[in-house]
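In: When you get a sec, could you give me coordinates for this:
(one chain, ligands or ions: 1)
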Amino acid sequence: MAKKKVIRRSWAEPFKIKVVEPIRMTTREYREKAMKKAGYNTFLLKSEDVYIDLLTDSGTNAMSDYQWAGMMIGDEAYAGSKNFYYLWDNVKKYYGMPYFVPTHQGRAAEHLISKILIKPGDYIPGNMYFTTTKLHQELAGGTFVDVIIDEAHDPANAHPFKGNVDLNKLENLIKKVGAKKIPYVSMAGPVNMAGGQPFSMANLKAVRELTKKHGIKLWFDATRACENAYFIKEREKGYKKKTIAAILKEMCSYFDGLWVSAKKDLMVNIGGFIATRSKKVFEAARNLVVVYEGLHTYGGLAGRDMEAMARGIEEMVLYDNIKARVGQVEYAGRRLTEFGVPFVQPVGGHAIFLDAKAFLPHIPQNEFPAQTLAAEIYIDSGVRSMERGVVSAGRDPKTGDHHYPKLELVRLTLPRRVYTQAHIDVTVESIASVYEERKKIKGLKMVYEPKYLRFFQARFERL
Ligand code: PM9
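Out: I've put the predicted structure just below:
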């Protein structure tokens, strides 16, 4: 009997396109000049000179018709906007935290939380640093300590939960500096700088137990929490049948509070917030927000922005949405593998992270291999990516030396609901072409360095 042919059944995005925005392809000669003018820093390019923009998934997402409709019912009252109350209700319902303070974006929430919780001389352990988070901890007088598992620093290691906290590292720090010097442990999920890697629920529960034993608070950078929930559902025993909303709620139940850059999971162009179960922290944040952001019922946002955020929360937990999002990253990973291009394993939730050390082994880290690679990809095809290596890591505030992170990466980040599979094909083929020519590529020298978050504005010249 002839064997029955098995037909592969594909899936597609759970939406169709209603509005389009034209993009422009330029010549290589044009891009050479544009990149030089931008000091070989992709943040300094003009957006109109970019063909496919994979700089970030922050505020670059496509809102749904439901969110756009919500913008029309923005209540722009200075105080007590109805959109604020609807957003607060959804924060309670989906994150399970009773108290809520809006901010204009994530780092504003980090600023307030760091000011409230950290005293000079404190230590803040976390599962790998994030640029803005760490800076606000330092500006408040604290020192960030990395307690992520070692596997997270190895791009080739395919551990399914590379965002996990190493409990021994955390316990050793508590023994060394004392629990009183640790105002809170900070956990992000997934971990952006590690390649969008999640933590497991089992690890989170263990961290909660350990911190409880020592009377230490636990705070959550929940900026991309739904992606973390998706990985738990896909990879952790006992969660297959649970909804993303139920997993998110369970994750949040172990934390004392959280902050969010709404420009990611919530699929809006601007917004952020703090949510907590501590009335004391809530009152302090509500008081500080009026100093730095705006009244506590708008926190630097328009009423319409808060409505779009509230509606974004309802959409971010939809399984099909998140599966399509992570599925795009997985597709890019499969295609890059065909060409043998080195990238962080396993693929993360929001981006592909090229391993620049393995891609350009002839360029030493003090000649900025990831910065160089991001510039070369732009010159090849107009695809914009971002450096996540020695430039992003900045300098040690005490010694003034560069931090040399083990991970020297180029991030190609997928905005939600923005690009098609064809855009990904164009991107992958460009990276493969640059990979073919990699031996000819030379490094960069830094010629201008701003004091804070230097990766945004630093300028370079070719060596
Ligand atoms: N993340 C990103 O592109 C935008 C700024 S850095 C290039 O990944 C986490 C996990 C983030 C994050 C921003 C912030 C700050 C906090 N936590 O950008 O201030 O990924 O809204 O959020 C960026 P805001």
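In: can you tell me which residues contact the residue nearest the centre of the chain?
Out: Geometric centre of the chain, nearest residue: N192, 4.4 Å, by CA atoms, centre = their mean. Shown in contact with N192 (CB atoms under 8 Å, 6 or more residues apart in numbering): F130, T223, R224, H350. All C-beta spots, glycine's among them, are computed from the backbone N, C-alpha and C.
In: Keep only those that also lie close to the ligand.
Out: Counting by CB under 6 Å from any ligand atom, F130, T223 from the contacts of N192 sit close to the ligand.
In: Of all pairs in the contacts of N192, which one is the farthest apart?
Out: F130 and H350 (12.9 Å; CB to CB).
In: Between those two, which is the more surrounded one?
Out: Shown here are F130 and H350; by other CB atoms under 10 Å, H350 has more neighbours (27 against 24).
In: Just list the residues touching the more buried one, thanks.
Out: Going by CB under 8 Å, 6+ apart, the list of residues near H350 reads D57, P190, N192, G196, R224, E227, K264, R325, V329, T413, L414.
In: and if we set it to 7 Å?
Out: The contact partners of H350, taken as CB atoms under 7 Å, 6 or more residues apart in numbering, are D57, G196, R224, E227, V329, T413, L414.
In: quick one on the thing from earlier: I'd like the contacts of N192 as a markdown table, with pLDDT appended.
Out: What follows is these, written out as a markdown table (pLDDT from 0 to 100):
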| residue | pLDDT |
| --- | --- |
| F130 | 95 |
| T223 | 98 |
| R224 | 98 |
| H350 | 97 |
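In: and which of the contacts of N192 is nearest to S392?
Out: The nearest member of the contacts of N192 to S392, counting by CB to CB, is F130 at 9.6 Å.
In: I'd assumed A188 was in contact with the closest one.
Out: Yes. With contacts counted by CB atoms under 7 Å, F130 reaches A188, the gap being 6.2 Å.
In: Can you check which residues contact both of those two?
Out: Residues touching both F130 and A188 (CB under 7 Å, 6+ apart): D221.
In: tell me the pLDDT at the closest residue to the ligand within the chain?
Out: Taking CB to the nearest ligand atom, the ligand has its nearest neighbour within the chain at G106, 2.4 Å off. G106 is assigned 98 on the pLDDT scale.
In: Could I get the contacting residues of H136?
Out: R107, E110, H111, S114.
In: From K217, how far out is the residue lying closest to the second one once chain neighbours are set aside?
Out: Which is E110. Once flanking residues are discounted, E110 sits nearest to H136: 4.3 Å by CB to CB, 6 or more residues apart in numbering. Shown here: H136 relative to K217, a distance of 16 Å by CB to CB, to the nearest Å.
In: Run a quick neighbour tally on P369.
Out: Using other CB under 10 Å, P369 has 29 other residues around it.
In: Could you do the one 3 residues further on as well?
Out: Here the neighbour count serves as a burial measure; for T372 (other CB under 10 Å) it reads 24.
In: Which strand or helix spans it?
Out: T372 is located in helix 369-381, with elements delineated by DSSP states H and E.
In: anything in that helix near the ligand?
Out: No. Counting by CB under 6 Å from any ligand atom, the ligand is not contacted by helix 369-381; separation bottoms out at 12.4 Å.
In: start at 838 instead
Out: Understood, numbering begins at 838; the last thing we discussed is helix 1206-1218.
In: Using PDB, write out every CA atom in that helix.
Out: Taking Å, rounded to 0.1, in the frame of the first residue of the first chain, the C-alpha atoms of helix 1206-1218 are listed here in PDB:
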ATOM      1  CA  PRO A1206      32.500  43.900  17.200                       C
ATOM      2  CA  ALA A1207      28.700  44.200  17.800                       C
ATOM      3  CA  GLN A1208      28.600  47.900  17.100                       C
ATOM      4  CA  THR A1209      30.600  47.200  13.900                       C
ATOM      5  CA  LEU A1210      28.300  44.300  12.800                       C
ATOM      6  CA  ALA A1211      25.100  46.400  13.300                       C
ATOM      7  CA  ALA A1212      26.600  49.100  11.100                       C
ATOM      8  CA  GLU A1213      27.600  46.600   8.400                       C
ATOM      9  CA  ILE A1214      24.100  45.000   8.300                       C
ATOM     10  CA  TYR A1215      22.600  48.500   7.800                       C
ATOM     11  CA  ILE A1216      25.100  49.300   5.000                       C
ATOM     12  CA  ASP A1217      24.300  46.000   3.300                       C
ATOM     13  CA  SER A1218      20.500  46.200   3.300                       C
END
